[in-house]
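Novice: Got a predicted structure here, sequence first:
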Amino acid sequence: MKTRIAVLVSGGGTNLQALIDAENAGKIPHGEIALVISNNPNAYALERARQAGIPAAVISRKECGGDQQKFEQWIQMTLERDGIDLIILAGFMCILTEKFTSKWPNRILNIHPSLIPSFCGSGFYGLHVHEAALERGVKVTGATVHFVNEIPDGGPILLQKAVAVEQGDTPETLQRRVMEQAEWILLPQAAEMVSEMIENQRKDS
Ligand code: GRF
């Protein structure tokens, strides 16, 4: 049985698209994207899921009255209902507390648009990461896929890829290059690696 993957999103969903394209190209033979969860009802990622025929759910903190515990319980229930084995955070803009992450040891992946431990942790999300990299004047940045634990961007690193910073880069041009040259390549690779690992563990048990 293939590893059932849930992808959690908040926005445009280009990383989700990279996963969908990789699965369709046969590059994730041990896994299948079985569910998309968005905390944002207007995320374009939901449209990508719809077009790919993947079931999607909207679970927003607002609808939980801003109650983090309720929000996480709702996510947990939905994941259990759909028999999910692996969670991939692909531009999911919500912090998950230890209460949630401890239920999924080595079962949550995140993609971060820098070479951790640079430009990561609280406050480093979206364009801010690339702004900080340009401000510091680094000549090389990149992306990191890591397991998620209770420390923001602090879990074990699985994959990293370096990307050159070019003269005249803006946060936007750098963000795009990091996505094209690193994120969209690494995330499907990581999805396959961990899907295979989970399948093997299932066989052994
Ligand atoms: C990506 O840069 C990802 O690394 C970060 O958020 C962005 C999401 O983009 N965590 P998208 O929604 O996948 O297009």
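Specialist: That came through fine. Residues are numbered from 1 along each chain as shown.
Novice: what pLDDT does the residue nearest to residue 153 when sequence neighbours are not counted get?
Specialist: By the measure of CB to CB, 6 or more residues apart in numbering, the closest residue to residue 153 outside its immediate chain neighbours is residue 120, 3.8 Å from it. Placement of C-beta: from N, CA and C, glycine included. Model confidence at residue 120, given as pLDDT, is 97.
Novice: can you check the one 3 residues further on too?
Specialist: Per-residue confidence at residue 123 stands at 91 (pLDDT).
Novice: re earlier: what about the residue nearest to residue 153, neighbour count?
Specialist: When neighbours are defined as other CB atoms under 10 Å, residue 120 has 20 of them.
Novice: element containing it, please.
Specialist: Assigned by DSSP states H and E, residue 120 falls within no helix or strand.
Novice: and if you look at residue 197?
Specialist: helix 184-204.
Novice: Outside of that helix itself, list whatever touches it.
Specialist: Residues outside helix 184-204 that contact it (CB atoms under 8 Å, 6 or more residues apart in numbering) are 1-3, 5, 14-15, 18-19, 21-23, 27-31, 85-86, 88, 90, 106-107, 109, 111, 143-145, 158-161.
Novice: now stretch 22-29
Specialist: Defining contact as CB under 8 Å, 6+ apart, one finds that stretch 22-29 is touched by 19, 31, 32, 33, 52, 188, 191, 192, 195.
Novice: Okay, buried residues for it please.
Specialist: Along stretch 22-29, these residues count as buried under the neighbour rule (16 or more other CB atoms under 10 Å): 22, 23, 28.
Novice: contacting residues around whichever residue of the chain sits closest to the ligand?
Specialist: As assessed by CB to the nearest ligand atom, the ligand sits closest to residue 91 within the chain, at 2.6 Å. Residues near residue 91 by CB under 8 Å, 6+ apart: 9, 10, 11, 12, 13, 14, 15, 16, 45, 111.
Novice: right, and the fifth one touches residue 52 too?
Specialist: No. Taking CB atoms under 8 Å as the contact criterion, residue 13 and residue 52 are not neighbours in contact, 10.3 Å apart.
Novice: need the residues of this structure near the ligand, please.
Specialist: With CB under 6 Å from any ligand atom as the criterion, the chain comes near the ligand at residues 9, 11-15, 45, 90-91, 111-113, 126, 179, 183.
Novice: Among the residues you listed, which one lies nearest to residue 79?
Specialist: residue 9 (14.3 Å; CB to CB).
Novice: Next one: that closest one, what pLDDT does it get?
Specialist: We have a pLDDT of 98 for residue 9.
Novice: Excluding chain neighbours, what is closest to it?
Specialist: residue 45 (3.8 Å).
Novice: Residue 16 versus that neighbour, what's the distance?
Specialist: Distance, residue 45 to residue 16, using CB to CB, to the nearest Å: 5 Å.
Novice: I appreciate the help and will end here.
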